[in-house]
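[1] sequence-free structure coming up:
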DNA sequence: TTGAAAGCGCTACCAG
DNA sequence: CTGGTAGCGCTTTCAA
């Protein structure tokens, strides 16, 4: 089941079969028909490895994300894939579960596939990996991590602003004991959110008591963090979560512990995934335009090296979305 | 950045470099070290296309699912991937969004990659595709669709039993007006669930009024179906959903319309995804062991052709899980 | 223990 | 419009 067999059956050369299959170059209609029939009869499927090897250029991008279970990442991928397909590109996806080793292994695989570009939507960026990219010559685009280079563009969200909005909002509602629920405190971009929380809360000096807890980026992670929080001395009236996904777990655990949201405690998320609307109560959150991010990533990768877009740093301003999971502090 | 350059730098032949990289055949320690150093210096990454082309056999399975956005599918994939990796296999994943054309296109791609086996977790099985598999000579395993063949195994869940349990349970609680919320009514495996609902409900003859509505397999799909349902004449006291994901939307819409669950209307899901627990109220559902399914699929693919496991049909019995979204009919 | 060389299946270029 | 053929980068005998 290779080109040659098809060629033999159609009584033409492999070159002609190739032309027909790729719709390239002139082929007489009758010849084309004969080839197509042979392909059909043999149920021939071109070997993509051979094709890539011979062809040289690839129409495939690689994307690596931290946690596909969290809809945030899937939404970005989905938008990216759509954009890519609209332009005749494929995207191969890999997941790291926040494990830097996983990241490296997956990256090797993608490079081995000779992808035409790499998109990273991760938090566990290893500095070594970051460096390696600079020396590579394929275009790359990072979300949330790394720094711009000649061949790598960056897209970031102004998390600070988002967290700030949340803290100010809650403060205005009278909250004085706040907690931040995060995950993977050791990872750079995540620690930024945590730090911003600390700093913003710090503005109010001793007017606000606060605490930071961390767990895994899962629903159960949110639950566990909440348990830890409730067991601690601080009896928070507001919980700010690093993302909506964990907030789902926080809401659940609070309910299990008999705390009413937002009457007893207010909760905010981050990302504004679909589930934030469906949650009960609907989650006050910070909107991150995943669609736009996915599209931008692909756009940047498809843009030729010389473009002024490459090597640039796009920053997106998030938008605060108030729903029912936050309210005035109980008096 | 190819084998030859590495070979040149290490002053050995490409054959030796290959041996080192694949840990195969005898290589003097000093030689191996020299090669490794060269690889390091050149930041060499083997071209997987070339490798696959030359090597012949593949350690990659393909998996195609209908809707990655629905956690059910992701859970199956995740389990499969873990099992595969534990045995030195990769899994490449593709999504169809219930589009048969997508299915065919993705299948071609995977076959083009010469995968060592195919796992299909879909509902939109085209009979032509089904037939095509029989003629193919790679092992395959289908979940929920197709029929066993010499080279294809089937894993199915006894949906009938699950739906039956739900209907009986609701009937015992006094419900007499029930609705079934599904999606893609034209797709075989899905229509089975619908049919079972019809039949089971039929057992009670005129004692139960019922209706079937369908939408998309999304949260919003669940909402829309609910809207349609409420607008229809039937004022259901119980809604049975084809899966938990859509049930999430159903719960949401009911809330928006001022109906209390389960006081005004009971709701059941199917699958028992994590979100079913987190939903409010927690969803009564039917548990499907996604982990086990994912593992089984890979196991079957790795099993040699001759194994008695291939060509067989595994059927899994689901388990009914009662939570707070169902209750006695309001009197 | 190592090297030379024959492919793997396909594309692309050059003739005709 | 079509055929011949030189690689693409790697693995794998077969000899040395």
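    On my side now, so go ahead. This one's a predicted model, so the numbers in the text were calculated from it and none came from an experiment.

[2] only C-alpha atoms for contact and neighbour calcs from this point on.
    OK.

[3] Mind jotting down where the strands sit in the stretch 1-150 of chain A?
    Along the stretch 1-150 of chain A, counting by DSSP state E, counting those that start in this stretch, strands occupy A:60-65, A:90-95, A:117-121, A:140-143.

[4] So which of those strands is nearest DNA strand C?
    strand A:60-65 (14.9 Å; CA to the nearest atom of the strand).

[5] And chain A, split by domain according to the record?
    The record, using automatic domain parsing to delimit domains, assigns chain A the ranges A:1-44, A:57-157+A:292-316, A:159-288.

[6] Would you tell me which of the ones you listed gets closest to chain B?
    Among those, the nearest to chain B by CA to the nearest CA is domain A:57-157+A:292-316 (4.7 Å).

[7] do that closest one and DNA strand C meet?
    No: using CA under 7 Å from any atom of the strand, domain A:57-157+A:292-316 stays clear of DNA strand C, with a minimum separation of 7.6 Å.

[8] Let me know the pLDDT of the residue in the stretch 201-331 of chain A that DNA strand C sits nearest to.
    Taking CA to the nearest atom of the strand as the measure, the point where the stretch 201-331 of chain A comes nearest DNA strand C is residue A:302, at 18.4 Å. Looking at residue A:302, its pLDDT reads 92.

[9] And for it, the neighbour number?
    For residue A:302, the count of nearby residues is 17 (other CA atoms under 10 Å in any protein chain shown).

[10] Quote the end-to-end distance of stretch A:276-285.
    One end of stretch A:276-285 to the other measures 8 Å (CA to CA, to the nearest Å).

[11] How about residues contacting it?
    Stretch A:276-285 is contacted from outside by A:244, A:248, A:251, A:261-262, A:267-272, A:320-326, B:248-249, B:252, B:279-280, using CA atoms under 8 Å, 6 or more residues apart in numbering or on different chains.

[12] what are the ranges of the helices in the stretch 201-331 of chain A?
    Under the criterion DSSP state H, counting those that start in this stretch, the stretch 201-331 of chain A contains helices at A:219-231, A:244-256, A:274-278, A:290-302.

[13] which one of those lies closest to residue B:212?
    For residue B:212, the closest of these is helix A:274-278, at 23.2 Å, according to CA to CA.

[14] centre of the chain versus that closest one, how much separation?
    Relative to the centre of its chain, helix A:274-278 is centred 18 Å away, using CA atoms, centre = their mean, to the nearest Å.

[15] Quick check: which ranges of the stretch 151-300 of chain A have low pLDDT?
    For the stretch 151-300 of chain A, the stretches flagged by pLDDT under 70 are A:188, A:205-207.

[16] now the strands for it?
    Assigned by DSSP E, counting those that start in this stretch, the stretch 151-300 of chain A shows strands spanning A:152-157, A:177-183, A:209-215, A:238-241, A:266-268, A:285-287.

[17] burial count for the closest residue to DNA strand D within the stretch 51-200 of chain A?
    Among all residues of the stretch 51-200 of chain A, residue A:54 sits closest to DNA strand D, at 3.1 Å; criterion: CA to the nearest atom of the strand. The tally of other residues near residue A:54 (other CA under 10 Å) stands at 11.

[18] spatially speaking, which residue is in the middle of chain A?
    The C-alpha lying nearest the average C-alpha coordinate of chain A belongs to residue A:73 (CA atoms, centre = their mean; 3.5 Å).

[19] what's the closest non-adjacent residue to residue A:322?
    residue A:284 (4.5 Å; CA to CA, 6 or more residues apart in numbering or on different chains).

[20] how close does the one you found get to residue A:248?
    Residue A:284 is 12 Å from residue A:248, where distance means CA to CA.

[21] what's the answer for residue A:301, then?
    Using CA to CA, residue A:301 is found at 34 Å from residue A:248.

[22] more neighbours, the two?
    Neighbour count, other CA under 10 Å: between residue A:301 and residue A:248, residue A:248 has more, with 31 against 24.

[23] Quick one: residues contacting the more buried one.
    With CA under 8 Å, 6+ apart, residue A:248 has these contacts: A:219, A:222, A:276, A:279, B:278.

[24] of those, closest to residue B:158?
    residue B:278 (25.4 Å).

[25] So residue A:243 sits against residue A:267, correct?
    No: using CA atoms under 8 Å, residue A:243 is not in contact with residue A:267; the gap is 10.9 Å.

[26] more neighbours, those two?
    Per other CA under 10 Å, whichever of residue A:243 and residue A:267 has more neighbours is residue A:267, with 31 against 25.

[27] quick one: contacts for that one?
    A:238, A:239, A:240, A:241, A:247, A:251, A:261, A:283, A:284, A:325, A:326.

[28] ok so, going back, for ChimeraX, write a command that selects the buried ones of the contacts of stretch A:276-285.
    Buried residues among the contacts of stretch A:276-285 (16 or more other CA atoms under 10 Å in any protein chain shown), as a ChimeraX selection:
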select /A:244,248,251,261,262,267,268,269,270,271,272,320,321,322,324,325,326 /B:248,249,252,279,280
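
[29] Phi first, then psi, for residue A:269.
    Dihedral angles phi and psi of residue A:269 (degrees, to the nearest 10) take the values phi -110, psi -160.

[30] Would you mind measuring from it to residue A:249?
    Using CA to CA, residue A:269 is found at 11 Å from residue A:249.

[31] what's the answer for residue A:322, then?
    To residue A:249, residue A:322 is 19 Å away according to CA to CA.

[32] Residue A:226 now?
    Separation of residue A:226 from residue A:249 (CA to CA): 8 Å.

[33] Over to residue A:264?
    In this view, residue A:264 and residue A:249 are 17 Å apart by CA to CA.

[34] got it, and residue A:218?
    8 Å.

[35] Please work out which of the helices of the stretch 201-331 of chain A is packed deepest.
    Most buried of those by mean neighbour count (mean count of other CA atoms under 10 Å in any protein chain shown) is helix A:244-256; its value is a mean of 25.

[36] Can you report how many residues lie near residue A:24?
    The number of residues packed near residue A:24 is 10, by other CA under 10 Å.

[37] What pLDDT does the model give it?
    In this prediction residue A:24 is given a pLDDT of 91.

[38] Residue A:65 too?
    Predicted confidence (pLDDT) at residue A:65: the value is 97.

[39] Count residues in the vicinity of residue A:15, would you?
    Per other CA under 10 Å, the neighbour tally for residue A:15 reads 12.

[40] what does the one 5 residues further on give?
    Counted with other CA under 10 Å, the neighbours of residue A:20 add up to 20.

[41] thought it was touching residue A:35?
    Yes: counting by CA under 8 Å, residue A:20 touches residue A:35, with 7.3 Å between them.

[42] Residue A:127 - nearest residue in space that isn't next to it in sequence?
    In this structure, residue A:127 finds its nearest non-sequential neighbour in residue A:146, 8.0 Å apart by CA to CA, 6+ apart.
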